[in-house]
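Participant: Structure, please.
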Amino acid sequence: MTPPGLWPRARRHPSFVLGAALTALLVAAALLSYLWTPWPPLEMDMAGKLQGPSAQHWLGTDAFGRDVASLLLVGARASILVGVIAVGIGLVAGTALGLLAAARRGWVEETVMRLADFSLAFPAILSAIMLTAVFGPGITNAIVAIGIYNIPMFARIARGSANAVWAREYVTAARACGKGALAITLQHVLPNISAALIVQSTIRFAVAILAEAALSYLGLGTQPPQPSWGRMLSEAQTLMFQQPLLAVFPGMAIALAVLGLNLLGDGLRDLLDPRLAGTR
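Facilitator: Have a look, this model is predicted:
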C-alpha cells in the first residue's frame, strides 16, 4: 500500500531526488544513443587516437581513435539491458519461490531456503566464469549468471516479508472465509510486499550494473565491437600514463549510475515504509 502524501514527501527527500536525477540521466543517455551520438561509436581514426577533450571530441578519443563520448552513450545500453533482464529474472523467479515458501511452510520452505543458501555460494562472477567455460563469453551468459545470483536474494526478501503478512489478522480472516493459499497470496500477500520488492529491485539493479562492468573488464561480458563501460576500463588500463582520462570517464559513469540507483533505493525505502510516512 502506498503511504499517504508520497509525491510531496518525495520532492523533499534529498536521496530520492538525487538518485532519481542520476537514474534518469542514465536512461536518457541510453535512449539518446539510439537517436544521436557525437560520432559513429565504432568509427576508427588511427591518426587521431589518444586525443584529449576538445571541441571536436568532447571527451577525447581512445587508442583506436573512437570518440569516447559516443562510446559512453552507447555503453549505457549494455548496462541497462543487463540490469533490466537480470533483475527481472531474479524478481520473477525469486519472488515466486519466496511466496511459495511462505504459503506452504514446512519442508517446502526449508527446501527453498536451503537452495537459496546453496545458490549464494556461486556469486555472479564465478557463475559467469563457469558458463563461459562451457558456452563461451558473451553478454547473454553474463545476464544469466547475474540473474541466477539475484534469485536467492529476492526469495529471501519475499519469504521474510510474506511470513509477516501471513501472520496478520486480515489474512486469518480470509482463511476463515474459505480463501485458498493462492488467492490469499495474490490478493493480500503480494500487494503488501510489493514495496519491499521495488526497493530491492532498485538496489539489485545497481549491483547488476557493477557486475556487468566487472565481467566486461575481465572479458566475460559484452564482447567487441559492442561498447561497454567495463571493457573501456580494461582497454584503458595499459594507457594510464599516456591518457589517464580514458579510465576516468567510464569509471565515473559506472560510479554515478551505481550511486544514483543506490540513492534511489534508499529514498524509496524511506518513502514506501509506512512507519516513516510522517517523519519527512
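Participant: how about the helices of the stretch 101-250 of the chain, start to end?
Facilitator: 106-119, 124-135, 139-166, 169-176, 181-184, 190-217, 229-236, 245-272 (DSSP state H, counting those that start in this stretch).
Participant: got CSV for those helices, with distance to Q223 too?
Facilitator: Heads up, the C-betas are built off the backbone N, CA and C, glycines and all. As requested, those are exported to CSV (distance: least, CB to CB, whole Å):
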stretch, distance to Q223
helix 106-119, 26
helix 124-135, 11
helix 139-166, 7
helix 169-176, 49
helix 181-184, 43
helix 190-217, 9
helix 229-236, 8
helix 245-272, 17
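Participant: Can you flag the weakest of the ones you listed by average pLDDT?
Facilitator: When the helices of the stretch 101-250 of the chain are compared on mean pLDDT, helix 124-135 scores lowest, with a mean of 78.
Participant: neighbouring contacts of it?
Facilitator: 122, 138, 141-142, 144-146, 148-149, 211, 214-215, 218, 220-221 (CB atoms under 8 Å, 6 or more residues apart in numbering).
Participant: if we go to 6 Å?
Facilitator: Under the criterion CB atoms under 6 Å, 6 or more residues apart in numbering, residues 141-142, 145-146, 148-149, 211, 215, 220 lie in contact with helix 124-135.
Participant: export those to a markdown table and tack on distance to S79?
Facilitator: Converted to a markdown table, the contacts of helix 124-135 look like this (distance: CB to CB, whole Å):
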| residue | distance to S79 |
| --- | --- |
| N141 | 16 |
| A142 | 11 |
| A145 | 15 |
| I146 | 12 |
| I148 | 19 |
| Y149 | 17 |
| A211 | 10 |
| L215 | 12 |
| L220 | 15 |
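Participant: Who wins on neighbours among these?
Facilitator: Ranked by the number of neighbours (other CB atoms under 10 Å), the contacts of helix 124-135 place A142 first, at 32 neighbours.
Participant: residues contacting that one?
Facilitator: 128, 212, 215, 221.
Participant: Let me know the closest of those residues to P14.
Facilitator: Of all the contacts of A142, P14 sits closest to E212, with 28.0 Å by CB to CB.
Participant: what's the farthest-apart pair in the contacts of A142?
Facilitator: A128 and E212 (9.6 Å).
Participant: Where do the strands of the stretch 1-150 of the chain begin and end?
Facilitator: With DSSP state E, counting those that start in this stretch, there are no strands along the stretch 1-150 of the chain.
Participant: returning to that earlier point: just name the closest of the contacts of A142 to A55, please.
Facilitator: E212 (32.2 Å).
Participant: Ok, which of the helices of the stretch 101-250 of the chain comes nearest L73?
Facilitator: helix 245-272 (9.6 Å).
Participant: got the buried residues for the closest one?
Facilitator: 245-247, 249-250, 253-254, 257-258, 260-272 (16 or more other CB atoms under 10 Å).
Participant: and what of stretch 31-45?
Facilitator: Buried residues in stretch 31-45 (16+ other CB under 10 Å): 33, 37, 39, 41.
Participant: Which residues does it contact?
Facilitator: Contacts with stretch 31-45, where a contact means CB under 6 Å, 6+ apart, come from 64-67, 69-71, 73-74, 225, 227.
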